[in-house]
Structures are given as structure tokens and as C-alpha cells.
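**Q** Here is a sequence with its predicted model. Questions after.
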Amino acid sequence: MTSNDVQQIATWTKGETQNATPTRRPTRRAFMQRNTATSKFGMLLQYTSPLSGYENAAPLPEVFNDDGKTFHNPPAPLSSAYDKFPGPMKQESGIHFHIYFMQGVPAQVKFAKELHERIRREFPELKTYAIYDRPDGPHCGATFEVNTCTPHETGALFSWLILNRGPCSVLIHPNTGDIYKDHAELVTWMGTPWPLYTDMFK
């Protein structure tokens, strides 16, 4: 997003141009179509359609369930994504959780150490690594890492961290074998995102 885009958004929000002449506010969709092709790293991203493989499928019914809000979906075999990670994710250590904390804030250091211990006790089957009390690798702050090996483990840890991460931020990324893409494009955050030094993976 450029400075001109920021200025234009401010103009749209006010509903006026710089010369105070009323103007029609462009739709959010029009703005997003203009910007979604480029990532925050300035790279043009290529995405496979989510409907790849369903090109010839019958149209879905426009019918609601009894609640009148959610769609009724035709029955289908249970997705394999419930039991194994979709390709190209590694089946062992398929998802990495990096828990961030401020090493210069004693209260956060204490909480992070307690969270680390609690995760080891609550989820002993997970791969929990040692705490790094300083920046390491692409991570610009203190962290510790937890890996999950199944979708069930991933869902359990994810939902648990939503309520128990406290002041810590959590970086979540898949392990596909493309380490740059995993950290630069496929990341998900809980809490405030931290900067990542991804150039080391180029």
C-alpha cells in the first residue's frame, strides 16, 4: 500500500476530495481488487483457485438450515483434512507455533516461562523447544516454539492459546519445505504481529 493509497482511503472515509468537492466513495471491493495482487513485500503473488478440482461440480443449493442463517450443504465424505495435513505440508511437525514475548519486560518473561511450562504439562505429546531469550533466526524478539503433527493437535493448541496466550503474540506457519514462503506468505498471527527478517531465507 502506497502513501497515495493511504491518502485516498482518508479521502474516501471523509467522503470528500482535497478541494472539498463531494465525491462518490469507491467500493471496498474495487480498492481490494487493485491491491490484493501485491503482498506487503512488494511481490506479485500467484494463487491457485480454491475451487480447483470442482470445476464440473453441480451448483450448491441456495437453501438454508432451520436456523434460517446457515446454508444447507449436500452430504459428502468427511474431508481428509480432519485427519492429515493437506499437501504440501509435512505430516510431521506440519505446523509451527512461535510464541513471542518482550525479553526486556520482566512480567512478560515470567509469563512466557510459565506458559512454556504449562504447555509442556497440558500437551506433553507436542514438540516443545527451549526458550530463546533473545532474537534468533528470522525472529526479532524472544520466542519459544511448539510444533504440531496432526490437525487435531493443531486445533487443540490453537483454541487453547486463544484464551491462554496472555500478553504474548503467536506466529503460526506451515512447514511445507519452502521456508521463505512459509514465513513470508503463509503466516498467521495471534495478537500483535512482530517483524520478521525473511531475507535470510532468500
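**A** All right, it came through fine.
**Q** make it CA atoms for all contacts and neighbour counts henceforth
**A** Fine.
**Q** Provide a list of residue ranges in the protein with pLDDT below threshold.
**A** 1-45, 200 (pLDDT under 70).
**Q** Of all the helix elements in it, which one is longest?
**A** helix 106-122 (DSSP state H).
**Q** Just the strands from the chain, written as ranges.
**A** 95-101, 127-128, 142-148, 169-174, 188-190 (DSSP state E).
**Q** What about residue 166, how many residues nearby?
**A** Using other CA atoms under 10 Å, residue 166 is surrounded by 14 other residues.
**Q** Outline the domain layout of the chain.
**A** 1-79, 95-201 (automatic domain parsing).
**Q** Of all those domains, which one comes closest to residue 85?
**A** domain 95-201 (6.3 Å; CA to CA).
**Q** chain center to the closest one, what's the gap?
**A** Put simply, domain 95-201 sits 12 Å off its chain's centre (CA atoms, centre = their mean, to the nearest Å).
**Q** Residue 172 and residue 87: what is the separation?
**A** Between residue 172 and residue 87 the distance, using CA to CA, to the nearest Å, works out to 17 Å.
**Q** ugh, wrong one, residue 68
**A** 35 Å.
**Q** And for residue 113?
**A** Residue 113 is 34 Å from residue 87, by CA to CA.
**Q** Tell me which of the two has more neighbours.
**A** residue 113 (13 against 10).
**Q** Give me the neighbour count for the residue nearest to that one when sequence neighbours are not counted.
**A** Once flanking residues are discounted, residue 113 sits nearest to residue 131: 7.8 Å by CA to CA, 6 or more residues apart in numbering. Applying other CA under 10 Å, we find 15 residues neighbouring residue 131.
**Q** Which residues are in contact with residue 131?
**A** 113, 116, 142-145 (CA atoms under 8 Å, 6 or more residues apart in numbering).
**Q** Narrow those to just the buried residues.
**A** Buried subset of the contacts of residue 131 (neighbour count, 16 or more other CA atoms under 10 Å): 116, 142-145.
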